[in-house]
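Peer 1: Here is my input, please return the structure:
(2 chains)
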Amino acid sequence: MSSSLELSELVEEATETPDGRRLGVLFWLCVGWLALNLLAAVLANVLPLENPLTQNYNAVNAGPSLHHLFGTDDLGRDIFSRVVFGSRVSIEAGLGSMVIGFGVGAPLGMLAAYRRGRFDQILTVVMYVVLAFPAIIATIAILSFWTPRTLLKIIVVIGVAAIPLVYRVIRTATLAVATQDFVVAARVQGASDTRILVRELLPNVAPIAVSFLLIGVATVVTLEGSLAFLGLSVAPPTPSWGNMINESRTILQLNPWLALFPAAAMCLFLLALNFIGDRLRTHFDVTEGKL
Amino acid sequence: MARYLARRVVTLVGIVIVISVGAFYLIHLLPGDPATVILGTGDSPQNRARLYAQLGLNRPVIEQYFVWIRNVLRGNLGTSFISQVPVWTTIRAALPIDLEMIVLSQILSFAVAIPLAMSSAKRPDSWLDRFLGAFSFTMLSIPAFILVVVLVLVVAIKLAIPHTGVSSYVPLTQDWVANLESMALPSVVLAIGSVTVYYRVLRSDLIATLQQEYITLARSKGISQRRILWRHALRPSSVALLGTAGVNIGGLLAGGFIVQYLLDIPGLGYTLVNSIGLSDYLVVQGIVLVVSVGVIVINFVFDFLITLVDPRIARE
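Peer 2: Got it, this is the predicted structure:
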C-alpha cells in the first residue's frame, strides 16, 4: 500500500510543472517591491522629486509632512528624495559587482563542470585558495589605500571578490546536471559543446544562478552600507542609504526620521531580495522540496 | 582518521602560505610607491632609510617576501611608523576582545538556536514553526549596523542600562561585571545574526533526522520526546550546523569590525578601521594576516569537530 502511495506522489510531482502557482502572494509582492525600487532609482531624475542636495535652513529636522513626505534632515534636505536617490548607490553596487562576479565566475564554473579534467582541477584549486582569503578584510584593505574612492572601484573590488564564490556555486549546480541522461543523449546526437552548454545546461542552472544572484545583491548592499559607515563608500553629500543612516547617528534622538526611513528602505529591499532568492531556491530544489 | 587529519594539516599549511603571500603582496597591488604607502604620514628620510633596511625594499620582490616572512615567523610584524609601537603588541592587546565577543555571542546563539530549532522541528508547519521561520527571515535581512543603532537608542539611551552605550568598553582585567555589561550589546548583535542562520540549518536537518526509522523505534519504546531530540536526533543533525558555525565564526572575526567601530570597542576590527584612517599600513597588513590565518584555523577546527560528530566523513 505504501509503495502505491509513493508512486502516486511521484507521478504528481513529475507532472507538476513549476508554473509559478506555488510561489505565493508574498513572492509576487516582493517582486513588485523590487520593481518599484528599480523603477524609482532609474527614473529619479525625471520624477517630481526635490533636489537631494538642496539645503533649506527654513525647514531643518522637520517631521514628515505633505510637503516633505519623509521629513527633512539637519541641513533641511528632503529625506524622501535622498532615500530614492540613495537607492541608486546600493542598487548600482549590488548589480554592478554581481555582473562582474557572474560574468567571470559563471562561465568558468559551467565550463569546469562540463569539461572536468585538468582544466577543472586547476581552476577549482585556484578558486579554493582565493576563497580562503577573507574577502571582507581584503576589500576594506584595498579600498582604504586605493584613493580616491569611487563607486566604480568599490564595484570592481567586491565583484572580483565574488568571482570564486559564484564559480563554486555554479560549478556545483552544473555538475549535478551535466551527468544526467539528457545531456549524454544530446552529445550522442552530435550536439556541439556550445549547444549543450547553452541549450541543455544553462536552462537548468539558471534558476539556481538567479536565486544566488539575488542573495548576492543583498549581501553586497549590506556590505556597501558597512563601508559607508567606515567612510569607505561614496563620499557625502552624495546620498546613499548607508551614508544617511551613518549621518543620522549623532542626532538620533533629535530626528529619528532621519535614521528610520533609509533603514526601513534598506531592510525592506534586503528582505524582498532574500525572500525571492530563498523561494526560488526551494522552488527549484528537488531534494528539499519533498520534505 | 590520522591520515585524514594529516591531509587536512597539509592543506592548511598550504593555504596559510598562500595567504601570507597575499598579505605580503597587498602593498604591490596598490598604486604608487610601496614605501610612500607604508610610511604614510610618517614619511621622513630617517624612517625611509629604516624601512628600506627593514623590508629590503631595493631587493627583488621574491627576496622581499622571504625577508618579511622570516620576521613574521619570529613574531615580528614590524613597528608602526605612525605610533612607533610594534604591530604585534597592538594585535596582542586587541585580539582577546574579539575572542571574548565571539565566545559570548556563540554561547548565546547556540543556547537560543538549538531549543528553537527543536520546537520547530517537532511540529513542522505549526504556527510556532511558521512564526519562527518568518521572524528569523526578517532578522536575517536587518544589517548589523542598523541593529546597533536601534539597540543603542533603546538599551543605552532610553533604558539607560549602564555600560551599554557607545565608548563604554571596560577591560576584563579591570572589572569583570562591568566588562560583561559592556560586551552584552555587541554580543547580542552578533548572536542575532548567528541564531537566524543556525536555527534555519538545524531545523531542516532535524526534520530529516526525525523521519528516520531509528527515531520511530525510539518513539515506540516510549522514550520521551525531549530525550529523543537531545540524545538521539541532535548529534546526527549537527553536521551542517557545525560547518555553518565554522564559516560563520570566521565571518564574525573578519566582519565584527562594524559593531566594534560603532560601539568603540578596541578589538581587531576597530583597530583595523582606525589604522586605515591613519594610513598605518603595517598594522593593516598585520591584522589582515592574523585574521586570515584565524579564519582558516577556525574552519579547520570545525571541520575536525564534524569528523568527531560523524567519523564516516573522515573515512571517505
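
Peer 1: Which residue ranges of the stretch 151-291 of chain A form helices?
Peer 2: In the stretch 151-291 of chain A, the segments counted as helices under DSSP state H, counting those that start in this stretch are A:151-178, A:181-188, A:193-195, A:202-229, A:241-248, A:257-284, A:286-289.

Peer 1: highest average neighbour count across the ones you listed?
Peer 2: For these, the stretch with the most neighbours on average is helix A:241-248, a mean of 25; neighbours defined as mean count of other Cβ atoms under 10 Å in any protein chain shown. Where C-beta positions appear, they are placed from N, C-alpha and C, glycine not excepted.

Peer 1: same for that helix, what does it pack against?
Peer 2: Using 3 or more Cβ pairs under 8 Å, 6 or more residues apart in numbering or on different chains; DSSP states H and E as the contact definition, the elements that helix A:241-248 packs against are helix A:79-115, helix A:202-229, helix A:257-284, helix B:144-151.

Peer 1: still on that earlier bit, would you turn the helices of the stretch 151-291 of chain A into a markdown table with mean pLDDT?
Peer 2: Shown next, in a markdown table, are those (pLDDT from 0 to 100):
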| stretch | mean pLDDT |
| --- | --- |
| helix A:151-178 | 89 |
| helix A:181-188 | 86 |
| helix A:193-195 | 86 |
| helix A:202-229 | 89 |
| helix A:241-248 | 86 |
| helix A:257-284 | 87 |
| helix A:286-289 | 46 |
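
Peer 1: care to break chain B down by domain?
Peer 2: Under automatic domain parsing, the residue ranges defining each domain of chain B are B:2-73, B:91-309.

Peer 1: so for the last one, what's the average pLDDT?
Peer 2: Domain B:91-309 shows a mean pLDDT of 88.

Peer 1: Quick one: end-to-end length of it, please.
Peer 2: Start to finish, the residues bounding domain B:91-309 are 34 Å apart (Cα to Cα, to the nearest Å).

Peer 1: chain center to it: distance?
Peer 2: 9 Å (Cα atoms, centre = their mean, to the nearest Å).

Peer 1: what's in contact with stretch A:141-153?
Peer 2: Under the contact criterion Cβ atoms under 8 Å, 6 or more residues apart in numbering or on different chains, stretch A:141-153 has outside partners A:89, A:92-93, A:96, A:154, A:157, A:227, A:232-235, B:26, B:29-31, B:37, B:276, B:279, B:281, B:284-285, B:288.

Peer 1: Quick check: buried residues in that stretch?
Peer 2: Buried residues in stretch A:141-153, defined by neighbour count with 16 or more other Cβ atoms under 10 Å in any protein chain shown: A:A141, A:I142, A:L143, A:S144, A:F145, A:W146, A:R149, A:L151.

Peer 1: okay if I get the domains of chain B as JSON lines plus mean neighbour count and distance to A:A59?
Peer 2: Converted to JSON lines, these look like this (neighbours: other Cβ atoms under 10 Å in any protein chain shown; distance: least, Cβ to Cβ, whole Å):
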{"stretch": "domain B:2-73", "mean neighbour count": "15", "distance to A:A59": "41"}
{"stretch": "domain B:91-309", "mean neighbour count": "19", "distance to A:A59": "24"}
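
Peer 1: and of these, who's closest to chain A?
Peer 2: Evaluated with Cβ to the nearest Cβ, the domains of chain B place domain B:91-309 nearest to chain A, the distance being 3.9 Å.

Peer 1: Centre-most residue in chain A?
Peer 2: Among the residues of chain A, A:V217 comes closest to the average C-alpha position under Cα atoms, centre = their mean, at 1.5 Å.

Peer 1: Can you name the residues that contact it?
Peer 2: Neighbouring residues of A:V217 by Cβ under 8 Å, 6+ apart: A:G94, A:L95, A:M98, A:L273.
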